[in-house]
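> Coordinates for the following, if possible.
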Amino acid sequence: MSSLKKGGFTFKRFFVGHDKSPMKVTTDSCLLGAWVPINPKIESVLDIGTGCGIIALMLAQRLEHQCCQIDAVDIDNNATKQCQENIQQSPFKQVRSYLSDINQFKQDVTDYYDLIITNPPYFQPAVNCRDQPRQLARYTESLNFEQLIFTVKRLLKSEGKFCLVLPYHIADTFKYMCEANQLLMAQRLNVRYMMTRPISLSLMCFTKQYEPSVYSELCMRNNDGSYTNDFRKLLTDFYLFRSKNKID
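Below is the predicted model of the structure:
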């Protein structure tokens, strides 16, 4: 069995370095990248706060046989550089990395993207991180929910989808904010680490046009700590499922 590269995460078809990015590869991002509903008509995707580019690259793999451009945007210079490196080393070249504050991105454009995705900052400003780039990636002072929703409404096509992952305890608050801004819940996946644990994450999909809402639940691990069949099925195109290839 060959050894895995250090400084990142090895997937079946690509490697994501994250040693220079404020935020590392996480299970949250992997779940979102694998779960996001896509269709054959998608031509343009926006990944907000892309970090090392994990979600953008997962979607590039899923969309590799479609003519689709993926724009990966981040406010951090080191994250953007690492994202560019990961793109160059991957077999997927339809991803473009941008260094930009998303609030200022494509200001002259509206109704542009078929799909917008994000694993957004969600901690409220409190005790400052010693690492300023990590603080920007984790705390809403760099992108609060009102700004995110405003940007999505501006850039999302009328028939587009907006998907994100949030901690379960704040997911309903975000849902109500979206609904107040005419973004309607279409799909939601609640995630438990184990069946004996409470729900910890919510993956949500919003649309501008009404669709019947679909709710489901996923448990990641069995009681013995092994991955559940549902988790393996969702990540089967990406994960090597090797014990040494772990993420938090």
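> C-alpha only now, for contacts and for neighbours.
Will do.
> Give the next helix or strand downstream of the helix or strand bottoming out on mean pLDDT in the chain.
None of the helices or strands of the chain scores lower by mean pLDDT, DSSP states H and E than helix 132-138, at a mean of 44. Sequence-wise, the next helix or strand downstream of helix 132-138 (DSSP states H and E) is helix 145-155.
> Strands of the protein, start to end?
Along the chain, the segments classed as strands by DSSP state E run 8-10, 15-17, 44-48, 69-74, 95-99, 113-118, 156-167, 184-194, 199-207, 214-221.
> Identify the residue nearest Tyr98 in space, chain neighbours excluded?
Val73 (4.8 Å; CA to CA, 6 or more residues apart in numbering).
> Tell me the pLDDT of the one you found.
Val73 carries a pLDDT value of 97.
> can you tell me which residues contact it?
By CA atoms under 8 Å, 6 or more residues apart in numbering, the residues touching Val73 are 46-50, 80, 97-102.
> Need those in CSV (columns: pLDDT and distance to Arg62).
Below are these laid out as CSV (pLDDT from 0 to 100; distance: CA to CA, whole Å):
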residue, pLDDT, distance to Arg62
Leu46, 98, 15
Asp47, 98, 14
Ile48, 97, 18
Gly49, 95, 20
Thr50, 96, 17
Thr80, 96, 22
Ser97, 97, 18
Tyr98, 97, 21
Leu99, 97, 24
Ser100, 96, 25
Asp101, 95, 27
Ile102, 94, 24
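> Now for the residues you listed: which two are most distant?
Leu46 and Thr80 (14.4 Å; CA to CA).
> and stretch 185-199, which residues are buried?
For stretch 185-199, burial by neighbour count (16 or more other CA atoms under 10 Å) applies to 185-194, 199.
> Look at Lys24 and report its pLDDT.
84.
> Quick check: chain neighbours aside, which residue is closest to it?
Residue nearest to Lys24 in three dimensions, not counting chain neighbours: His18, with 5.4 Å by CA to CA, 6+ apart.
> how many neighbours does that neighbour have?
Applying other CA atoms under 10 Å, we find 23 other residues in the vicinity of His18.
> which residues sit in contact with it?
Taking CA under 8 Å, 6+ apart as the criterion, His18 is in contact with 7-9, 24-25, 52, 82.
> Look up how far Asp230 lies from it.
27 Å (CA to CA, to the nearest Å).
> Check the gap between Asn78 and Phe238 for me.
25 Å.
> Then Asn77?
Counting by CA to CA, the gap from Asn77 to Phe238 is 27 Å.
> The two: who's more crowded?
Legend: neighbour count by other CA under 10 Å for Asn77 and Phe238, higher for Phe238 (19 against 16).
> Can you check the pLDDT for the more buried one?
97.
> Now do the phi/psi pair for it.
phi -120, psi -50 (degrees, to the nearest 10).
> what's the answer for Pro91, then?
Torsion angles at Pro91 (phi, psi; degrees, to the nearest 10) stand at phi -80, psi 0.
> Show me the shaky parts of this protein.
Along the chain, the parts satisfying pLDDT under 70 run over 1-4, 123-142, 242-248.
> Looking at the contacts of Val73, state which has the most neighbours.
That'd be Thr50 among the contacts of Val73, by other CA under 10 Å, with 30 neighbours.
> isn't that residue right next to Ile75, touching?
No - here Thr50 lies out of contact with Ile75, judged by CA atoms under 8 Å, at a distance of 9.0 Å.
> From Val25, how far out is Thr207?
Counting by CA to CA, the separation of Thr207 from Val25 is 27 Å.
> Arg232 now?
Relative to Val25, and taking CA to CA, Arg232 is found at 18 Å.
> cool, Leu31 as well?
Distance from Leu31 to Val25, by CA to CA: 11 Å.
> And for Glu43?
According to CA to CA, Glu43 and Val25 sit 26 Å apart.
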